[in-house]
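Student: 3D, please:
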Amino acid sequence: MPVEPLVCADTATRVSSVLNRDVKQFGKQHMFDANEDTCWNSDQGTHQWVTLDFPRTVKVSQLHIQFQGGFSSRLCTLEGCRTGEELVKISDLYPEDINAMQISFQVEETALDKLKITFGNSSDFFGRIVVYHLTVLGERL
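Tutor: Down below sits the predicted model:
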């Protein structure tokens, strides 16, 4: 099956926090708008996260992410589940603390309706995370 972007207008997205609660300037929508000048910027604190509730069951195979250097996560934990089930750990990813798009994260393919990405071990002293682009690829089931 061909790999395609899984996040669409019907995907319900939540984040742990937004810097100064300024959703207009730093909100979650900026991770998916393909604009190089916008980003999601979390507030300070450990273990920031993003959840994606897909409108239908998907099989995730790849994750592409672009952080702002100095505000990245050295450990990303992926968890997923089907509707009505508890989240289970899928894998750990180890991104670099760089500005470039990181596209080499292969994910163990698992059928799921919800994906949670937890950003542990931030490179920022205050635990802030800045994500310019987040793309989840796979197939819709």
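Student: C-alpha from now on. contacts and neighbour counts both.
Tutor: Fine.
Student: what is the burial count for the residue lying closest to residue 47 once chain neighbours are set aside?
Tutor: Excluding the flanking residues, the one nearest residue 47 by Cα to Cα, 6 or more residues apart in numbering is residue 120, at 4.7 Å. Residues near residue 120, counting by other Cα atoms under 10 Å, number 19.
Student: then residue 15?
Tutor: The local packing of residue 15 (other Cα under 10 Å) involves 18 other residues.
Student: can you map out the strands along this structure?
Tutor: 4-5, 12-15, 40-41, 48-67, 73-81, 88-93, 102-122, 130-140 (DSSP state E).
Student: lowest mean pLDDT among the helices and strands, pick that one out for the chain.
Tutor: None of the helices or strands of the chain scores lower by mean pLDDT, DSSP states H and E than strand 102-122, at a mean of 87.
Student: so what's the nearest residue to residue 116 once chain neighbours are set aside up against?
Tutor: Ranked by Cα to Cα, 6+ apart and with sequence neighbours excluded, the top spatial neighbour of residue 116 is residue 51, at 4.3 Å. Counting by Cα atoms under 8 Å, 6 or more residues apart in numbering, residue 51 touches 13-15, 114-117.
Student: check residue 27 too.
Tutor: Each residue near residue 27 by Cα under 8 Å, 6+ apart is listed here: 18, 39-41.
Student: specify the beta-bridge partners of residue 81.
Tutor: Taking DSSP bridges as the rule, residue 81 bridges to residue 114.
Student: as TSV, the strands of the chain with distance to residue 31 would be great.
Tutor: Output for the strands of the chain, formatted as TSV (distance: least, Cα to Cα, whole Å):
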stretch	distance to residue 31
strand 4-5	13
strand 12-15	10
strand 40-41	6
strand 48-67	9
strand 73-81	15
strand 88-93	18
strand 102-122	13
strand 130-140	5
